[in-house]
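Novice: The sequence isn't on hand, but the structure is:
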């Protein structure tokens with residue numbers, strides 16, 4: 001029997017996050033104030049995957065008959081979050097899911113407050 005491996009596909013402008021373990025600072029050393037931790041208003045985690053972004057409508061398709069032209073490829077507003085970024089986001093916007101015994105959070109990109117990314121340093 002041949003079983004295919006399944007994978008999570010993030011839709012739209014959503015971001016899949018591997019949450020931190022509830023420490024008082026992020027993986028890159030940014031300290032979160034105790035007032036923030038007490039209220040659980042924000043949380044941090046590593047971006048595991050992102051969706052393609054918000055879909056843009058096809059402006060030329062409204063005037064033409066749909067059967068005359070082949071459908072254009074979908075266009076999206078690009079995502080700012082990238083895989084591997086550390087994201088600080090609003091906890092109340094997160095939806096927790098479990099997949100293959102791992103916990104993830106799915107959040108809309110609009111709930112992300114700050115992204116921390118390794119800078120490409122040119123010398």
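Specialist: Happy to help now that I have it. Not measured: the values here are computed from a predicted model.
Novice: And stretch 4-14, end to end?
Specialist: Terminal residues of stretch 4-14 are spaced 25 Å apart (C-alpha to C-alpha, to the nearest Å).
Novice: got it, and stretch 81-101?
Specialist: Using C-alpha to C-alpha, one end of stretch 81-101 lies 25 Å from the other.
Novice: Have a look at the protein and report the helix or strand with the lowest mean pLDDT.
Specialist: None of the helices or strands of the chain scores lower by mean pLDDT, DSSP states H and E than helix 34-39, at a mean of 56.
Novice: And the next helix or strand past it?
Specialist: strand 42-50 (DSSP states H and E).
Novice: elements contacting the helix or strand that comes right after that next one?
Specialist: Sequence order places strand 54-56 as the next helix or strand after strand 42-50, per DSSP H and E. In this structure, strand 54-56 packs against strand 75-77, with contacts taken as 3 or more C-beta pairs under 8 Å, 6 or more residues apart in numbering; DSSP states H and E. The way it works is simple: take the backbone N, C-alpha and C, and place the C-beta from them, glycine included.
Novice: what mean pLDDT does the strand it packs on have?
Specialist: Mean pLDDT, strand 75-77: 84.
Novice: Pull out the buried positions in that strand.
Specialist: Under the neighbour-count criterion of 16 or more other C-beta atoms under 10 Å, strand 75-77 has nothing buried.
Novice: The very next helix or strand once past that strand pairs with which strands, and in what direction?
Specialist: The C-terminal neighbour of strand 75-77 among helices and strands, as given by DSSP H and E, is strand 86-90. If you go by DSSP bridges, strand 86-90 pairs up with strand 42-50 (antiparallel), strand 112-116 (antiparallel).
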